[in-house]
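Would you be able to build a 3D model of this:
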Amino acid sequence: YKLIASEQRDGYKANKIAFQISPWSEVIAYLLVPDGYGPFPALVALHDHTAEFYIGKEKMVRPFDESQEVLDCAETFVSKNYDGCFIGDEFARNGYVVLAVDALFWGERGGAEGIDYDAQQAVAYTMMQAGMCWSGLMTYEDGQCVELLSKLPFVNENKIGTYGLSMGGHRAYMICAISERLAATVSVCSINTLEGMLRPGSNKLEGHSAWSMLLPNLANYLDITHIASITCPRPLMVINGSEDKLFPVDAVENAYAIMQEVWDSQNASDQLVTGFYPSAHRFTKEMQKDVMNFFNKHLKE
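Below is the predicted model:
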């Protein structure tokens, strides 16, 4: 990778880097590195959708070397959705290398014509016409982030994890399903069953929200929950908010039951953590504390 800028913070250095995420795309990313020599455990921080396209990686890491508009947008967004905590920075302060990248269509990877909420249908449609899948491309690129971390000399390649909220949670279990390099995964406010997603009134049926998570033809073979179950018997934490209107509680409970059966079948029940928190579609401080403890257990001990 190429170093673009860096900033010393409390216990870690924040780096802005550029690297080739695919044969056709170079991306700008944040790479946070704890003070010391390592090797350190590492995390791929996967940003959400949340109908906010102006920023991506800046939802996970406190931005620097950016316009005031980006800085203000990030502060406002994190205050609303993450209880004011840039969680990537919190992990770095606690001894984790953290990598955060914009997904295609977010932040610096928005279209040249500007970031338009309605334009995501055009992105998905164009990719499908070209024989591709937007979610599939994201998964490939997120997997390349894992590969980059595994090659850094200050990273313990056996202690790499990933986490995310909402679309970030979807991305988390998608890459864990394809990459055996991941040692632990956390998905926040993302898991559901196909039946739960297709109920009348679901926002997924409004035609504007879920194109980046659409997996064409999947239902002919398996449910979304089964993708997350591919990670078994590795450690997986899947948590939701009991007040989250995007994911009906009973559908989430059904998803948890399916996954529990899989982990039980592999004598790995203690490796699966599921639960509800008294919150809406957010990554609260209470959730963050438990996620930190989960990663500390599986990536540090």
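
ok, now how distant is residue 223 from residue 143?
22 Å (Cβ to Cβ, to the nearest Å). Bear in mind the C-beta positions are built from the backbone N, C-alpha and C, glycine included.

oh, I was asking about residue 34
From residue 34 to residue 143 the distance is 24 Å (Cβ to Cβ).

And residue 54, by the same measure?
26 Å.

which one of these two has more residues nearby?
Neighbour totals were compared for residue 54 and residue 143, and residue 143 leads with 21 against 15 (other Cβ atoms under 10 Å).

And that one, which helix or strand is it part of?
helix 134-151 (DSSP states H and E).

Show me what the helix or strand that that helix is followed by is packed against.
Once the chain leaves helix 134-151, the next helix or strand it forms, by DSSP H and E, is strand 155-165. Packed against strand 155-165 by the contact rule (3 or more Cβ pairs under 8 Å, 6 or more residues apart in numbering; DSSP states H and E) you find strand 40-46, helix 134-151, helix 167-178, strand 182-188, helix 285-295.

repeat that with 6 Å
Strand 155-165 is packed against strand 40-46, helix 134-151, helix 167-178, strand 182-188, with contacts defined by 3 or more Cβ pairs under 6 Å, 6 or more residues apart in numbering; DSSP states H and E.

which one of the ones you listed has the most crowded surroundings?
Most buried of the helices and strands packed on strand 155-165, by mean neighbour count (mean count of other Cβ atoms under 10 Å): strand 40-46, with a mean of 28.

Which strands border it, and is each parallel or antiparallel?
In the sheet, strand 40-46 lines up against strand 97-101 (parallel), strand 155-165 (parallel) (DSSP bridges).

Serialize those strands to a markdown table and add fields for mean pLDDT.
Below are these laid out as a markdown table (pLDDT from 0 to 100):
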| stretch | mean pLDDT |
| --- | --- |
| strand 97-101 | 98 |
| strand 155-165 | 98 |
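
Helix or strand with the lowest mean pLDDT in this protein?
Using mean pLDDT, DSSP states H and E, helix 194-197 stands out as the lowest-scoring helix or strand of the chain, at a mean of 85.

and for that helix, what are the contacting residues?
Around helix 194-197, the neighbours that count as contacts under Cβ atoms under 6 Å, 6 or more residues apart in numbering are 204, 219, 223-224, 248, 251.

could you pull out the helices for the stretch 1-150 of the chain?
Using DSSP state H, counting those that start in this stretch, the helices of the stretch 1-150 of the chain run over 68-81, 87-93, 119-129, 134-151.

Which one, of these, ends up nearest to residue 242?
Nearest of those to residue 242, taken as Cβ to Cβ: helix 68-81 at 17.1 Å.

and that closest one with strand 155-165, angle?
On the basis of axes from the mean of the first three to the mean of the last three Cα atoms, to 10 degrees, helix 68-81 is oriented at 70 degrees to strand 155-165.
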